[in-house]
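K.L.:
Any chance you could fold what I've pasted below:
(2 chains)
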Amino acid sequence: MSDELVNVTIDGMQLAVPKGTPIIEAAKQAGLLVPHYCYHPSLPSPAVCRMCLVEVEKAPKLMPACVTTVAEGQVVHVNSPSAKKAREGVLELLLINHPLDCPICDQSGECELQDYTFQEGRPATRYQEFAKRYNPVEDFGPDVLYVPNRCILCTRCVRFMEDVADTPVLNVSERGDRAYIGIAEQQRLDHPWAGNVVDLCPVGSLLSKDFLHKARAWDLDKTASVCPGCTQGCNINIDTRDDVVVRIRPRPNLEVNRHFICDYGRMNYRWMNRGDRVEAPLVRDGGRHVATDWDTALDRIGQAIRGVSGSAVILASGRTSTESLGLVRLMLDGLEVTAAVQVPLGDEAPLAGIPGLALRRERAPNLAGAELLGYGVDGGETWREVSSAGLVIVLDAELGPEEEAALAAAPGLVIVLATLMPEARNAEMILPITTMAEENGTYVNRDRRIQRFQQAKAQPGMARPAWWIAGEVLAGPGPDASAPSTAAEAFALLGERWPLFAGITHGDLGYTGRLLTQAPAGVGSAR
Amino acid sequence: MGYPHPSHPKETVVLSKHFGDPEARTYAGWVRHGGYEALRKAVGMSREAIVEEVKASGLRGRGGAGFPTGLKWSFMPKDVVRPHYLVCNADESEPGTFKDREIMRWTPHALIEGCAIAAYAIGAERCYVYIRGEFTEPWKVMNAAVEEAVAAGALGDDVFGSGKRIEIVLHRGAGAYICGEETAMMNSLEGRRGNPRIKPPYPAVAGLFGMPTTINNVETLAAVPHILNRGAAWYKALCLGNPKSTGTKLVSVCGHVQRPGNYEVTMGTPMRDILYDMCGGPPAGRTIKAVIPGGSSVPIMTLEEAESALFDYEGVVEKGSMLGSAGMIVMDDRTDMVYQIWRLARFYAHESCAQCTQCREGTAWTTRVLERILAGKGKQEDFQLLLDLSENMTGKTICVLSDSCAAPVVSGIQKFRSEFEAYIAGAREPSLAAV
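P.N.:
As a prediction, the model looks like this:
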């Protein structure tokens, strides 16, 4: 695609688009979605479904909008009678062998065959008195089932595995109307990114076993979020039903993950649904912890911190938001602070066809954010500091046996902000905080792209975001205190101390975030 | 000399002159018949001069589309910065066509010489000959001939001492009709599934292995040495009809004629001459009902249309069909047209590569509807259904396989509707079991 613009008219709308743009993308800019199946912006276009045929003036026949590029002066009709008739014909043909089992199909409600048939298909079939094609369901891999009867042979899955994953295990087997998607002999669809074929499938032919018959699409609430799996920061949607996370799907971000997420990230949601949560602030009363209200708890934290002398240690989970990491750090200003985040390590799993996209070794989504805020990486040495610190704040960090022992022997004051009940009997306070799925916030990925995630489900009990607790403590008690009441307000407090965040608001980040190395566009402007 | 029949006086024998003569199969024999003179001449000429000569001859692609050969060659990049390839389409999978088989069986060196000249003209050092898998004998003959040509220095690193390098690689297909489509053939040669590619990019820009490529039919390439030997003007003068159709054409005639076989005629020869004089007309006591003039992919002609047509690209189009590959299928009055059309549709349904929706599902559905009619269970609505399906299958897919399925259906309904009606009305005994 070049910088040169060409003028085209699409359904009467005139627009200038870069030379080399396919008509289907140019039409999107005109607000028109050309119905299509095989085309996908992150895959090579084979132009085989023939659904996106449009009328191009002066062309001898209808042209596939997915591979026909714009030309100067081109006049395109997406909804001309001939184009609509051709699409109706394709829909009729796609449906002759397609079962009408929408009531038991997971794709129902988000099915492109349903949508376009409803939009412009025929009301009834003419394929009568013939049996539909039947092939049994196949088990393709750890999480993927293939239902060949529903398949429309768009070949998106084949192209993903061949051209994007660089692991060509899927193919089109047989020919004519006997064709189906085959899997290479002795092979499994077990590539670490294979789950994307389920999202790519425009119909209910490739299904996730994890999501199988779990929910109907129209019952789901979708929340824009960022994958908490690793430092890549893939954009995701968290799909919930009745406050229960039922699946994670990729959300397009051409700069980070295009249209894909890895299977690790896809399956990394069960912890969000755990019921055994800390639900009320617990303060130490002699040898036991008792539940209290937030006012009491916040007063106690303020007093405790003011009473601390010497050094302090913060040990945080790598999944903690920028807002929480920042405000907890600000809360301890005046003390000599050693701060660190936990970074679990795993195997790196790149997606061959998309440079810069991989499941990263560092499984801490906000590692870069933490480092910008002065946190180090916890390599175990943080725990040695605990033995001499006056104050230890555990910010949802995972505690293994050694950490528990160190914490139990800590001479200073221990405050634990936790989602799950920690093994910390000597803690002065155990405060319930929200998970990233229950709060708004931001993560900074490995490229220093700061991206927002939004609250996908309600918090349990009295749990609050950690930034809220720190903000309240910072503001102090009293009616004049002005603690941040939203994550956006909390974020605004970071700029004063860390200039890289200055001049940026949550609103500036949109749904795809921005690079922190860029000069902030809105510095000084009133937003 | 003709094969299997002696040449008819109305034939113009150029390519088929040595059909049936075992001597012509050998290098020495071929040279005695004047072979390889054209190649010796060609390697002394400039590439442009050869292209111009072929352009001037008016030679058009004999595989079916009839694209001007010289023009096609001229699309190849002038400067050879990447490897160029010539692909000879010897897949000859079009039902009713068997002319390329005879060229390879009897005059393999004519094809090798044509390939070598064309390869040189387009700047290619390698020519792939994609031979239909079922062609066992032509394959053996071609193999032996290429070995001989290499041994004689007509192919190899130094063609006839000119310093030019030309090699021929024979590749055997595996039995898919669609691999005769030029872009599917390139995929097949590359070791991929034989699916037609979307154009653009055209083969001259990005063809085989992504390199500039020209694909020519066997008969087209076999004609090239004659043009160089005898001149473009001679070839261009071989014309009895429209001046845009020049030279000779091999016609494969099969079906209900007394002498089926290959005939070579000057472009523009009346079809009546081919049907009645050369082939001897229908069997005794029969009359011809229909003719498919250009391989199974073209519309069916009635006897009246066929009798009045001149046999060249324009003449057949004028009468509602296409010259195609000139595989002529003749059907007499005993023929059940509905059954024949079903037979063709079934072929296309079987051979569809399954890429495009209209072709994958449309060819199969068309076949089933025709089966239903043949089983005596057709309905009046089936006419509209078949025509709607055919419209969906025409001009809307990557290649023309589905168009080819639609052509006999549409022309069959137009021209032989009463036969369909007879099945639907129950006036005719069902000829297929119920589906």
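
K.L.:
Just want the residue of the stretch 151-300 of chain B that's nearest chain A.
P.N.:
Proximity of the stretch 151-300 of chain B to chain A (CB to the nearest CB) peaks at B:Ile198, 4.7 Å away. In short, each C-beta sits where N, CA and C put it, glycine included.

K.L.:
can you tell me the helix or strand for that residue?
P.N.:
In the assignment (DSSP states H and E), B:Ile198 maps to no helix and no strand.

K.L.:
OK, contacts around the residue lying closest to it once chain neighbours are set aside?
P.N.:
Leaving out its chain neighbours, the residue that sits closest to B:Ile198 by CB to CB, 6 or more residues apart in numbering or on different chains is A:Ala47, at 4.7 Å. If a contact means CB atoms under 8 Å, 6 or more residues apart in numbering or on different chains, then A:Ala47 has A:Cys38, A:Tyr39, A:Pro64, A:Cys66, A:Val67, B:Ile198, B:Ile398 as its contacts.

K.L.:
Let's see which of these end up in strands.
P.N.:
Judged by DSSP state E, strands contain the following of those: A:Pro64.

K.L.:
ok, which pair from the contacts of A:Ala47 is furthest apart?
P.N.:
A:Tyr39 and B:Ile398 (14.0 Å; CB to CB).

K.L.:
State the pLDDT value of the residue of the stretch 151-300 of chain B closest to chain A.
P.N.:
pLDDT for B:Ile198: 94.

K.L.:
Settle this for me: it is touching B:Cys399, isn't it.
P.N.:
No - with contact defined as CB atoms under 8 Å, B:Ile198 and B:Cys399 do not form a contacting pair (9.4 Å).

K.L.:
More neighbours: which of these two?
P.N.:
Ranked by neighbour count (other CB atoms under 10 Å in any protein chain shown), B:Ile198 and B:Cys399 place B:Cys399 first, with 22 against 18.

K.L.:
That one and A:Arg122, how far apart?
P.N.:
Separation of B:Cys399 from A:Arg122 (CB to CB, to the nearest Å): 26 Å.

K.L.:
remind me which residues of the stretch 301-435 of chain B are low pLDDT?
P.N.:
B:434-435 (pLDDT under 70).

K.L.:
now the helices: where do they sit in it?
P.N.:
Taking DSSP state H, counting those that start in this stretch, the helices of the stretch 301-435 of chain B run over residues B:303-308, B:313-318, B:337-351, B:357-374, B:381-392, B:401-425.

K.L.:
what about residue 231, neighbour count?
P.N.:
Unless you meant another one, I'm taking chain A. Counted with other CB under 10 Å, A:Thr231 comes out at 23.

K.L.:
meant chain B, my bad for not saying
P.N.:
By other CB under 10 Å, 14 other residues sit near B:Gly231.

K.L.:
Next to chain B, which bits of chain A? Give me the list.
P.N.:
A:46-51, A:53, A:60-62, A:64, A:67, A:86, A:89-90, A:92-94, A:96-97, A:126-127, A:129-130, A:152-153, A:155, A:171-172, A:174-179 (CB under 8 Å from any CB of the partner chain).

K.L.:
residues touching the spatially closest residue to B:Leu385 that is not a sequence neighbour, list them.
P.N.:
Using CB to CB, 6+ apart and skipping residues adjacent in sequence, the residue nearest B:Leu385 is A:Arg126, 5.7 Å away. Neighbour list for A:Arg126: A:Glu92, B:Glu381, B:Leu385 [criterion: CB under 8 Å, 6+ apart].

K.L.:
Which member of those is positioned nearest A:Gly233?
P.N.:
A:Gly233 lies nearest to A:Glu92 out of those, by CB to CB, at 43.6 Å.

K.L.:
what sits up against the helix or strand hosting that closest one?
P.N.:
A:Glu92 belongs to helix A:81-96 when assigned by DSSP H and E. Contact with helix A:81-96 is made by A:35, A:37, A:49-51, A:53-55, A:62, A:77, A:113, A:116-117, A:120-122, A:125-127, A:130, A:132, A:152, B:357-358, B:360-362, B:365, B:388, B:391-392, B:396, as judged by CB under 8 Å, 6+ apart.

K.L.:
pLDDT of that helix, averaged?
P.N.:
What helix A:81-96 shows for mean pLDDT is 97.

K.L.:
Give me the contacts around the helix or strand following that helix.
P.N.:
Next along the chain after helix A:81-96, taking DSSP H and E as the criterion, comes helix A:112-120. For helix A:112-120, contacts defined as CB under 8 Å, 6+ apart pick out A:35, A:37, A:51, A:84, A:87-88, A:91, A:94-95, A:98, A:102, A:107-108, A:152, A:202-203.

K.L.:
Could I get the CA-only coordinates of helix A:112-120 as PDB?
P.N.:
Extracted in PDB, the C-alpha atoms of helix A:112-120 (Å, rounded to 0.1, in the frame of the first residue of the first chain):
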ATOM      1  CA  GLU A 112     -21.700 -15.100   9.400                       C
ATOM      2  CA  LEU A 113     -23.800 -17.600   7.400                       C
ATOM      3  CA  GLN A 114     -26.800 -16.800   9.600                       C
ATOM      4  CA  ASP A 115     -26.200 -13.000   9.400                       C
ATOM      5  CA  TYR A 116     -25.900 -12.800   5.700                       C
ATOM      6  CA  THR A 117     -28.700 -15.200   5.000                       C
ATOM      7  CA  PHE A 118     -30.900 -13.100   7.300                       C
ATOM      8  CA  GLN A 119     -29.700 -10.000   5.500                       C
ATOM      9  CA  GLU A 120     -30.000 -11.000   1.900                       C
END
